[in-house]
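**Student:** Take a look and give me a structure for this.
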Amino acid sequence: MSWKSLSRPLPSRNPRTSAKFASSVVHPESPKDSTDNRDAHTIYGIIAGYEDQNDHDTLRYDPVFQLVCDRLPEAGAETASQPTLSRFENGVSIPALFRLRELMVDQFLDSFDTPPSRLVLDLDGFDDPAHGQQQLTLFHGYYEQNQYFPLIITNAETGLVVMVSLRHGTAHASLAADEDLEFVVTKMRQRWPDVDIEVRADSGFGVPAMYEVCERLRVWYTFGIGMNSRLKRESEDLLETAVTEYGRTDQKQRLFTALTDQAQTWDRPRSVVIKAECHAVGTNRRAVVTNRPGAMILPQGIYDEYVQRGESENRNKELKIDLCGERLSDHRFMANLFRFMMHAAALNLLIRLRRTLPEVPPQDRRRAPLPDAERPAPPPGAELRHAQPATWRLRLIKVAAEVLVSCRRVLIRLSSAWPGLPTWRGAANRPTLLTPLLRRRHPEPVRQSIITQGRGPSAPTHPKTPHPEQSTTTPKKQQPHE
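**Tutor:** Numbers count the residues shown, from 1 in each chain. As a prediction, the model looks like this:
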């Protein structure tokens, strides 16, 4: 496992995620130092694909995981085992969970160098199937399974998860979403009073409580809404026009209209945008309710921006599938909420690392595209700027390495024959990641930690030291994966 340099802390204004978790979770039986190590071990294990507590019975002996937890890979440096982590997760208190909720929002606010002028928040939930007899897992008729129904609030500009909450299995999609949204918006306005905030969500959140809280907080919103009888009646002519135009041109047709509507449960009229679509598969009508100005003039612009929330759904898929956010197998409900927060922290850490990589230079559309052989090579690591967690895990994390420990330093050697070495080096050498690899809180001097290319024709030479180096683990040199 040679991925330690990719888990180095971000700049000083963003202290390490696990350290902040440790300051929020006060465990009754352990000092903060031990709690910090357990958080780090769990979060980095999730990123590496080891989401189960049983995996840590083996990982506690891994030298790189020991470095992650600020321990030197030597005898007696084993990290927490499965029973210890299980007691740690199940011992979390309700006040600690409230502190972690504030921590997630504060970390999001601290991620901005300058105050933003506009922020877009996307609300969504996903089904989380049960893995046994967990508390408050109930049978959901739509998903046809016993499950939890978590809620995720993400930011469209950064992709970061702003806040998560865990709900019982039969919860409505909008349950407590108004309270969570008010908490997040209030924290943002305390930091940036003049920030412009927009909220987007699907029709599961299109309820009067969400409209009212957004209007009270002076927040723009666009929520999906079901096509009731009046909306269908008002859009019949628009749909017939779309069908006629499709038959004449054989091209997909998307037509829009806007109207003012007031349902029986609404306290006031609101703007509704309707889309009528006709294509080869058939016809489709969708509607959204919004308080954004200009909806009656440019309805297509309102709807097209609303559907951009699909990119935030990709972050939810990364959390659920790639980082196994649905693996909430503790018995206690509060323990599963704590575990879900650690999965969200792992995703945020990975997103921050992706944002440090360079972008692929855009091509000039006014010129003909160059052949692949003549196209300039992108900067190292640019291909991972938008890569999924599973790709990061395959390309940069689960990599064979040799760890050497001496009295003065810890040397991590990578194979010179590994095809992904240039990409790995380009990602590891980004300026925001150039921080000390090994940080220990003990009074004795810190040993220097070095990551270098392995032995081979192009391997750099290192000065010999008077102290013999002890090899802690030596996988095969020519195999890039463990």
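**Student:** Could you check how many residues crowd around residue 391?
**Tutor:** 14 (other Cβ atoms under 10 Å). Just so you know, the C-beta spots here come from the backbone N, C-alpha and C atoms, and that holds for glycine as well.
**Student:** how about low-confidence regions in the stretch 301-450 of the chain?
**Tutor:** 361-375, 430-450 (pLDDT under 70).
**Student:** So which residues of it form helices?
**Tutor:** In the stretch 301-450 of the chain, the helices defined using DSSP state H, counting those that start in this stretch lie at 310-317, 333-355, 389-392, 421-428.
**Student:** With respect to residue 411, which of those helices lies nearest?
**Tutor:** helix 421-428 (15.0 Å; Cβ to Cβ).
**Student:** so what does that closest one touch, helix or strand wise?
**Tutor:** The helices and strands touching helix 421-428, judged by 3 or more Cβ pairs under 8 Å, 6 or more residues apart in numbering; DSSP states H and E, are strand 448-453.
**Student:** and if we set it to 10 Å?
**Tutor:** strand 409-414, strand 448-453 (3 or more Cβ pairs under 10 Å, 6 or more residues apart in numbering; DSSP states H and E).
**Student:** Next, the angle from it to helix 333-355.
**Tutor:** 110 degrees (axes from the mean of the first three to the mean of the last three Cα atoms, to 10 degrees).
**Student:** Could you measure from the residue most central in space within the chain over to residue 177?
**Tutor:** Nearest to the geometric centre of the chain sits residue 347, at 3.3 Å (Cα atoms, centre = their mean). For residue 347, the distance to residue 177 equals 20 Å [Cβ to Cβ, to the nearest Å].
**Student:** can you check residue 353 too?
**Tutor:** 29 Å.
**Student:** Now residue 123: phi and psi?
**Tutor:** Residue 123 adopts backbone torsions of phi -110, psi 140, taken as degrees, to the nearest 10.
**Student:** and residue 44, what element?
**Tutor:** helix 32-47 (DSSP states H and E).
**Student:** For that helix, the averaged confidence score.
**Tutor:** The pLDDT scores in helix 32-47 average 75.
**Student:** Name the residues that touch the helix or strand following it?
**Tutor:** Once the chain leaves helix 32-47, the next helix or strand it forms, by DSSP H and E, is helix 56-59. Residues from elsewhere that reach helix 56-59, judged by Cβ atoms under 10 Å, 6 or more residues apart in numbering: 1, 38, 41-42, 44-45, 48, 50, 62, 65-66, 68, 78-86.
**Student:** Produce a ChimeraX select command limited to the buried residues of those residues.
**Tutor:** A single ChimeraX command selects the buried members of the contacts of helix 56-59 (16 or more other Cβ atoms under 10 Å):
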select :1,38,41,42,44,45,48,50,62,65,66,68,78,79,80,82,84,85,86
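**Student:** Buried residues, stretch 392-410. List them.
**Tutor:** Buried residues in stretch 392-410, counted by 16+ other Cβ under 10 Å: 392-405, 409-410.
**Student:** Could you list the alpha-carbon positions for that stretch in PDB?
**Tutor:** Provided in PDB are the C-alpha atoms of stretch 392-410 (Å, rounded to 0.1, in the frame of the first residue of the first chain):
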ATOM      1  CA  TRP A 392      -8.100   6.300  -7.800                       C
ATOM      2  CA  ARG A 393      -8.100   3.100  -5.800                       C
ATOM      3  CA  LEU A 394      -6.900   1.100  -8.800                       C
ATOM      4  CA  ARG A 395      -4.400   3.600 -10.100                       C
ATOM      5  CA  LEU A 396      -2.900   5.300  -7.000                       C
ATOM      6  CA  ILE A 397      -3.900   3.500  -3.800                       C
ATOM      7  CA  LYS A 398      -3.600  -0.300  -4.100                       C
ATOM      8  CA  VAL A 399       0.000  -0.300  -5.300                       C
ATOM      9  CA  ALA A 400       2.800  -2.600  -4.400                       C
ATOM     10  CA  ALA A 401       5.600  -1.000  -2.400                       C
ATOM     11  CA  GLU A 402       8.600  -1.700  -0.200                       C
ATOM     12  CA  VAL A 403       8.800   0.000   3.200                       C
ATOM     13  CA  LEU A 404      12.300   0.300   4.700                       C
ATOM     14  CA  VAL A 405      12.700   1.600   8.300                       C
ATOM     15  CA  SER A 406      16.000   2.900   9.700                       C
ATOM     16  CA  CYS A 407      17.000   5.100  12.700                       C
ATOM     17  CA  ARG A 408      16.700   8.300  10.600                       C
ATOM     18  CA  ARG A 409      14.000   7.800   8.000                       C
ATOM     19  CA  VAL A 410      11.200   5.700   6.600                       C
END
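**Student:** chain center to it: distance?
**Tutor:** Relative to its chain's centre, stretch 392-410 lies at 25 Å (Cα atoms, centre = their mean, to the nearest Å).
**Student:** before we move on, what about stretch 379-390?
**Tutor:** 15 Å.
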